[in-house]
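Enquirer: Structure for the following, please:
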Amino acid sequence: MDKTDKIYVAGHRGLVGSAIVRSLKRSGYENIIGRSHKELDLTEQAAVRKFFEEERPDVVVLAAAKVGGINANNTCPAEFAYSNMQIQCNVIECCHQYKVKKLLFLGSTCIYPRMAPQPIPEDALLTGPLEVTNEAYAIAKIAGLEMCKFYKRQYGDNFISCMPTNLYGPHDNYELQGSHVLPAMIRKFHEAKTGGAPVVELWGTGSPLREFLYVDDMADACVFLLENYDGEQHVNIGTGKEVTIRQLAEMIKETVGYEGEIVWNKDMPDGTPRKLTDVTKLHELGFTHKVELEEGIKLAYDWFKENIDSARK
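Expert: Residues are numbered from 1 along each chain as shown. Here you go, the predicted structure:
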């Protein structure tokens, strides 16, 4: 990439996209464009084509998606499949038609089989059944990364993909009905502390193992791949480290300063028992994360407190 390239970050206001914009700017890229959902609905093919015709971006980062936690995925699977595939098909095809010189597609580690080998290597994709609680989202993301591969094979397009692990940090979604586990816990413990609640109820048993990556580390990895990687196979982005959900809850409880009790609702689902990425490929390319989980939780909680009114929506 050239520092003068026009870079379109789809989803530039979200957790992932806003972090990528920050990282691009830190790396000296200033010609960055974005559109809000009101300005450009990526599910509308004609609108996406018009945008590409007018703006002619040199580089595209596809970080826009309909996302959510277990409850949202379970409740609205058709919406998750349809909306995400619409977005991906529209943007990827326009990147081809308007000769974008590089596209980075962001997926999710939920693309991997429920019982994938641990840590999960990139070649575990499509080797077994998916976790049913986020199957619709996973299938849509698999379709997107496979599309990038097929466009590269058939047309020679420089379309690459990466698979970030569970992300958290500034501009995360803290709305309890649709948020992921870490921001949901931050909000629950904060509200329990400020409201004087003696108990916080959390879903499941607390036994599943999860990996968490601070979003600015993910963004730096994305910029690194844009500058240094042109391969067909997607690349895992993570820390290679894991904690139980119970350990995560205790870390967040301590960071927030909540002194009440945690009660685990074992009637609610746990999700995938373990999900740890094999980041050997990323490390061999030359990138390693910097922010460890305890520091990252503190940074995320500080941002939440500073932006509490908008973060709760």
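Enquirer: Only C-alpha atoms from now on, for both contacts and neighbour counts.
Expert: Fine.
Enquirer: What segments of the stretch 201-313 of the chain are helices?
Expert: In the stretch 201-313 of the chain, helices defined by DSSP state H, counting those that start in this stretch lie at 215-228, 245-256, 280-285, 293-306, 308-311, listed in chain order.
Enquirer: So which residues of the stretch 151-300 of the chain form strands?
Expert: With DSSP state E, counting those that start in this stretch as the criterion, the stretch 151-300 of the chain has strands at 159-164, 166-168, 199-203, 209-210, 212-214, 235-237, 243-244, 261-265, 274-275.
Enquirer: can you list these in JSON lines and add mean neighbour count?
Expert: Listed next are the strands of the stretch 151-300 of the chain as JSON lines, based on neighbours: other Cα atoms under 10 Å:
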{"stretch": "strand 159-164", "mean neighbour count": "26"}
{"stretch": "strand 166-168", "mean neighbour count": "23"}
{"stretch": "strand 199-203", "mean neighbour count": "16"}
{"stretch": "strand 209-210", "mean neighbour count": "18"}
{"stretch": "strand 212-214", "mean neighbour count": "24"}
{"stretch": "strand 235-237", "mean neighbour count": "27"}
{"stretch": "strand 243-244", "mean neighbour count": "17"}
{"stretch": "strand 261-265", "mean neighbour count": "14"}
{"stretch": "strand 274-275", "mean neighbour count": "23"}
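Enquirer: Can you tell me which of those is nearest to residue 71?
Expert: Closest to residue 71 of these is strand 199-203 (Cα to Cα; 10.6 Å).
Enquirer: list the helices and strands the helix or strand of the chain with the lowest mean pLDDT packs on?
Expert: Across the helices and strands of the chain, mean confidence by mean pLDDT, DSSP states H and E is lowest for helix 70-75: a mean of 74. Packing contacts for helix 70-75, counted by 3 or more Cα pairs under 8 Å, 6 or more residues apart in numbering; DSSP states H and E, involve helix 135-155.
Enquirer: quick check: angle from the helix it packs on to strand 159-164?
Expert: Helix 135-155 and strand 159-164 are oriented at 150 degrees to each other (axes from the mean of the first three to the mean of the last three Cα atoms, to 10 degrees).
Enquirer: for helix 135-155, packing partners?
Expert: So helix 135-155, by 3+ Cα pairs under 8 Å, 6+ apart, packs with helix 70-75, helix 77-97, strand 102-106, strand 159-164.
Enquirer: on that earlier part again, in CSV: the strands of the stretch 151-300 of the chain, plus mean pLDDT and distance to residue 122.
Expert: Output for the strands of the stretch 151-300 of the chain, formatted as CSV (pLDDT from 0 to 100; distance: least, Cα to Cα, whole Å):
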stretch, mean pLDDT, distance to residue 122
strand 159-164, 97, 9
strand 166-168, 94, 16
strand 199-203, 96, 29
strand 209-210, 94, 17
strand 212-214, 98, 17
strand 235-237, 98, 7
strand 243-244, 98, 21
strand 261-265, 98, 33
strand 274-275, 86, 13
